[in-house]
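Asker: need a 3D model of the following:
(one chain, ligands or ions: 1)
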Amino acid sequence: MSEPVLAETAAPAGMLADLRAGLSLPQKELPPKYFYDVRGSELFEEITRLPEYYLTRTERGLLERWMPEWAAALRPRALVELGAGSAVKTRIVLDAMAEAGAAEVYVPVDVSAEFLADTAARLQAEYPSLRVVPAVADISEEFELPGGLPGPMLVAFLGSTIGNFAPAGAAALLRQVRGAMQPGDRFLMGVDLRKDPARIEAAYNDSRGVTAEFNRNMLRVLNREAGADFDADAFEHRAFYDPAEHRIEMHLVAPGAQTVRVPGVGEVRLAAGESIRTEISCKHDRASVAVLFAAAGLAVERWQTDDEGLYALVLGAPAE
Ligand code: AVJ
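Answerer: Numbers count the residues shown, from 1 in each chain. From the prediction side, this is the model:
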């Protein structure tokens, strides 16, 4: 057996600050952005194909159904995509834009420079006449969207990632988006809707345990990147719907009392059964989206759901 590899220095500054702050709270918590290393991104891709995880395929159906019409009406020349995820949904939007006669610039925005470079190269190969301008930014913090893009611009925030933000944080994020928009620009958002809690809980407790592995992967990321010594395999996955807050909470539960060493943070003690919250996934309805939009100076221009009312595709316009 080889010795565990210890990071020479502690975590990068932002990660260290997140660890310090999150692990000293009464309810310990860590930001969901730390799920997504290469393995985490693969596990998430696997989640999107699970029978229980209706979100991705429902959103794809809505994009295919509505983007041609919406792009024809707006004729956007630039697409800015927040949290550039899988290329599948991007292609649907870009194809609709091209069909409408105007796909000039694509700006994928992501926290991972490596992931961005991949995405940008792939899209560039598929759309040779498109100008691809990747932008590294952490949308969970203050961020700047590149200026000087040809208008109208479409800013897309898909995958129901808005759900990872509690209402105040979601409104703050949307305000930043609104700040970068001109009157003719539009905001495209995919959002998971409130429904039977059992249906939602099943999507985050899949029978094959992929979501559990995805959840535990965060501890592996922190072990590698921050030199922490979490016993990742030992933690149990827990995901439950909180009806009062309209949200899923994902936790990792320590089966027994333990002390975790995190360089630069110190010793973190966990009691038996104590949990670390790794994600919230807020569920919305038309009224709650209207409230978020209004707080950001946006208005709902179009709202479409699938036949079952599981998921919504929303087009927002500057309100004033
Ligand atoms: C990518 C944030 C939308 O909240 O459903 C999937 C991530 N977490 N399964 C979500 C996730 C657990 C996902 N988002």
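
Asker: just the pLDDT for the closest residue to the ligand within the stretch 151-300 of the chain.
Answerer: The stretch 151-300 of the chain approaches the ligand most closely through Ser281 (3.4 Å), counting by Cβ to the nearest ligand atom. (Each C-beta comes from the backbone N, C-alpha and C, glycine too.) What the model reports for Ser281 is a pLDDT of 98.

Asker: note down every partner strand of the host helix or strand of it and its orientation.
Answerer: Taking DSSP states H and E as the criterion, Ser281 maps to strand 275-282. Strand 275-282 sits in its sheet next to strand 28-29 (parallel), strand 247-253 (antiparallel), going by DSSP bridges.

Asker: the helix or strand following it - contacts with which helices or strands?
Answerer: Next helix or strand after strand 275-282 toward the C-terminus (DSSP H and E): helix 286-295. On a contact count with 3 or more Cβ pairs under 8 Å, 6 or more residues apart in numbering; DSSP states H and E, helix 286-295 meets helix 167-179, strand 298-305, strand 311-318.

Asker: what pairs with the residue of the stretch 151-300 of the chain closest to the ligand across the strands?
Answerer: Here Ser281 sits in beta bridges with Ile248, going by DSSP bridges.

Asker: and of the helices and strands packed on helix 286-295, who's closest to Glu201?
Answerer: Closest to Glu201 of the helices and strands packed on helix 286-295 is strand 311-318 (Cβ to Cβ; 16.3 Å).

Asker: what residues sit buried inside stretch 59-74?
Answerer: With burial defined by 16 or more other Cβ atoms under 10 Å, the residues of stretch 59-74 counted as buried are 59-60, 62-63, 66-68, 70-71, 74.

Asker: near the ligand at all, the helix or strand hosting Met97?
Answerer: For Met97, the host element (DSSP H and E) is helix 87-99. No. Helix 87-99 does not reach the ligand (Cβ under 6 Å from any ligand atom); its nearest approach is 11.8 Å.

Asker: by proximity to the ligand, which residue of the stretch 1-150 of the chain wins?
Answerer: Closest to the ligand within the stretch 1-150 of the chain is Ile47: 5.0 Å, counting by Cβ to the nearest ligand atom.

Asker: related to what we said a few turns ago, contact partners for the residue of the stretch 151-300 of the chain closest to the ligand?
Answerer: Counting by Cβ atoms under 8 Å, 6 or more residues apart in numbering, Ser281 touches 160, 163-164, 192, 204, 247-250.
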